[in-house]
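Chemist: coordinates only, no sequence provided:
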């Protein structure tokens with residue numbers, strides 16, 4: 001598989017209007033991956049050890065919030081970004097871990113476009129603001145990310161449009 005499969009672009013900026021919602025996909029949290037991720041990136045006892053986790057506020061082994069974000073990103077890349085004209089992201093406005101994530105949980109990701117505008121500085125690029133919402137198998141929201149994405153435009157802006165929009 002190509003690292004940048006842009007041959008069959010399904011989603012350009014014009015295809016991402018405000019209000020558009022897409023179910024991205026699901027993944028099941030693996031215990032060994034929780035421990036491996038924590039060991040390398042977030043070595044807190046409740047992410048590494050069953051006994052320590054049992055004594056914590058989580059009551060059992062839980063995934064790092066950063067691991068949860070990484071699982072969401074993997075779903076987003078495989079289920080959407082590889083089919084889009086994505087040019088990356090300038091960052092997040094907010095990130096919230098709303099409930100613990102445990103091994104065996106099945107997490108489902110949904111994205112919703114909340115803002116969309118052309119970029120004044122780049123007539124060939126549009127900017128979207130997106131809410132990423134992740135839910136466990138019980139329908140409980142475990143993650144909320146609010147951030148921006150840049151996407152190539154199918155049709156670059158005309159000169160008069162560039163002068164009317166904001167960067």
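Modeler: Happy to help now that I have it. No experiment lies behind these values; they were computed from the predicted model shown.

Chemist: stretch 82-99 - what's its average pLDDT?
Modeler: For stretch 82-99, the mean per-residue pLDDT is 97.

Chemist: er, stretch 107-123 I mean
Modeler: Stretch 107-123 shows a mean pLDDT of 96.

Chemist: where along this structure do the helices fall?
Modeler: Here the chain has its helices, by DSSP state H, at 31-41, 45-48, 50-54, 65-79, 159-164.

Chemist: looking at those, which has the lowest confidence?
Modeler: Among these, helix 159-164 carries the lowest mean pLDDT, at a mean of 45.

Chemist: to residue 95, which of the helices of the chain lies closest?
Modeler: Proximity to residue 95, assessed across the helices of the chain by C-beta to C-beta, is greatest for helix 65-79 (7.1 Å). For every residue, glycine as well, the C-beta is placed using N, CA and C.

Chemist: packing partners of that closest one?
Modeler: strand 21-28, helix 31-41, strand 91-97, strand 106-118, strand 125-135, strand 141-152 (3 or more C-beta pairs under 8 Å, 6 or more residues apart in numbering; DSSP states H and E).

Chemist: with distance to residue 67 and mean neighbour count added, can I get the ones you listed in TSV?
Modeler: Output for the helices and strands packed on helix 65-79, formatted as TSV (distance: least, C-beta to C-beta, whole Å; neighbours: other C-beta atoms under 10 Å):
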stretch	distance to residue 67	mean neighbour count
strand 21-28	11	14
helix 31-41	4	15
strand 91-97	10	12
strand 106-118	11	17
strand 125-135	12	21
strand 141-152	11	19
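
Chemist: residues near residue 101, how many?
Modeler: 23 (other C-beta atoms under 10 Å).

Chemist: which residue packs closest to it, ignoring adjacent ones?
Modeler: Residue nearest to residue 101 in three dimensions, not counting chain neighbours: residue 63, with 4.2 Å by C-beta to C-beta, 6 or more residues apart in numbering.

Chemist: so what's that neighbour scoring on pLDDT?
Modeler: So, for residue 63, pLDDT stands at 98.

Chemist: cool, and residue 6?
Modeler: pLDDT, residue 6: 52.

Chemist: now for the residue found closest to residue 84 once you drop the neighbours it is linked to in the chain: which residues touch it?
Modeler: In space, and not counting its chain neighbours, residue 84 is closest to residue 11: 4.0 Å by C-beta to C-beta, 6+ apart. Contacts were defined as C-beta atoms under 8 Å, 6 or more residues apart in numbering; by that measure residue 11 touches 80, 83, 84, 85, 151.
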